[in-house]
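*Asks:* Next input, structure requested:
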Amino acid sequence: MFAISLGDDGAELRPLEPWQAEEFLAHMDRARDLVDVHVGLAQVVSDLESARAFLLRYAEKQAADTGRICGIWLDGTLVGGVMFRLFDAAQGTCEAGCWLEPAATGRGLVTRAVRVLIDWAVDRRGIHRVEWVVSSANVASIRTAERLGLRRDGVLRSAGVHHGLRQDHEIWSVLAPEWRELRRHTN
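*Replies:* As a prediction, the model looks like this:
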């Protein structure tokens, strides 16, 4: 197992695997109210069986090279996560996603963790386009996309349903040459 430090505040990025289903469920129980506002993850992970099944799906995606999931730990406690919801190395595209529990917000954890993911995708896997798909109502996630330097490609009107309500989805992205240029100016 590996851990990547996300800074001097005790935050780490680690793989999130099926054997951690109990810890993942406890985290989701703490995160549920915040996550459920915009993301269906809180509904998908409702008990130990569904937590294990969700993590198993991502283990299978990782084995098939079509996605992966990592947790964000702060001082040894799982407080959030980042993922490649979709990953297509042959096409050079992927979609990143994230979530946090309330106690971990406002610390830049997601921004730092997603930077690690994008660096890996671009530098190690040759990904050309990283997408970020977000509900237009999810201001915090849109701000993260902006902090990362992603560009807003457009809005898919009424693209999804969450809690029975239609919602617009914004597509944000960064291309590999743009990402490398952004890194040159932030390092």
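
*Asks:* Looking at the chain, which helix is longest?
*Replies:* If you go by DSSP state H, the chain has its longest helix at helix 48-64.

*Asks:* Can you work out which other helices and strands pack against the helix or strand of the chain with the lowest mean pLDDT?
*Replies:* One helix or strand of the chain scores below all others by mean pLDDT, DSSP states H and E: helix 41-44, with a mean of 89. Other elements packing on helix 41-44 under the criterion 3 or more C-beta pairs under 8 Å, 6 or more residues apart in numbering; DSSP states H and E are helix 21-35, helix 48-64. Every residue, glycine included, has its C-beta placed from N, CA and C.

*Asks:* Against Ala89, how distant is Leu175?
*Replies:* 16 Å (C-beta to C-beta, to the nearest Å).

*Asks:* out of these two, which sits in the busier spot?
*Replies:* Set Leu175 next to Ala89 and count neighbours by other C-beta atoms under 10 Å: Leu175 wins out with 16 against 13.

*Asks:* Let me know whether Ala3 touches Leu16 as I believe.
*Replies:* No. With contacts counted by C-beta atoms under 8 Å, Ala3 stays clear of Leu16, the gap being 11.8 Å.

*Asks:* between the two, who's got more neighbours?
*Replies:* Between Ala3 and Leu16, Leu16 has the larger neighbour count (other C-beta under 10 Å), namely 25 against 12.

*Asks:* right, and that one touches Tyr58 too?
*Replies:* Yes. Counting by C-beta under 8 Å, Leu16 touches Tyr58, with 7.3 Å between them.

*Asks:* Spit out the residues that contact the two alike.
*Replies:* Counting by C-beta atoms under 8 Å, 6 or more residues apart in numbering, the contacts common to Leu16 and Tyr58 are Ile69.

*Asks:* In contact with Ala59, which residues?
*Replies:* Here Ala59 is in contact with Glu17, Pro18 (C-beta under 8 Å, 6+ apart).

*Asks:* please renumber so the chain begins at 432
*Replies:* That works, and once the first residue is 432, the last one we named lands at Ala490.

*Asks:* Check the gap between it and Phe518 for me.
*Replies:* Distance of Ala490 to Phe518, given as C-beta to C-beta: 14 Å.

*Asks:* Okay, helices next: where are they in the chain?
*Replies:* Using DSSP H, helices in the chain cover 452-466, 472-475, 479-495, 540-554, 570-579, 607-617.

*Asks:* Tabulate the ones you listed in JSON lines, adding columns for distance to Val586.
*Replies:* JSON lines is the format used below for the helices of the chain (distance: least, C-beta to C-beta, whole Å):
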{"stretch": "helix 452-466", "distance to Val586": "22"}
{"stretch": "helix 472-475", "distance to Val586": "22"}
{"stretch": "helix 479-495", "distance to Val586": "27"}
{"stretch": "helix 540-554", "distance to Val586": "21"}
{"stretch": "helix 570-579", "distance to Val586": "11"}
{"stretch": "helix 607-617", "distance to Val586": "20"}
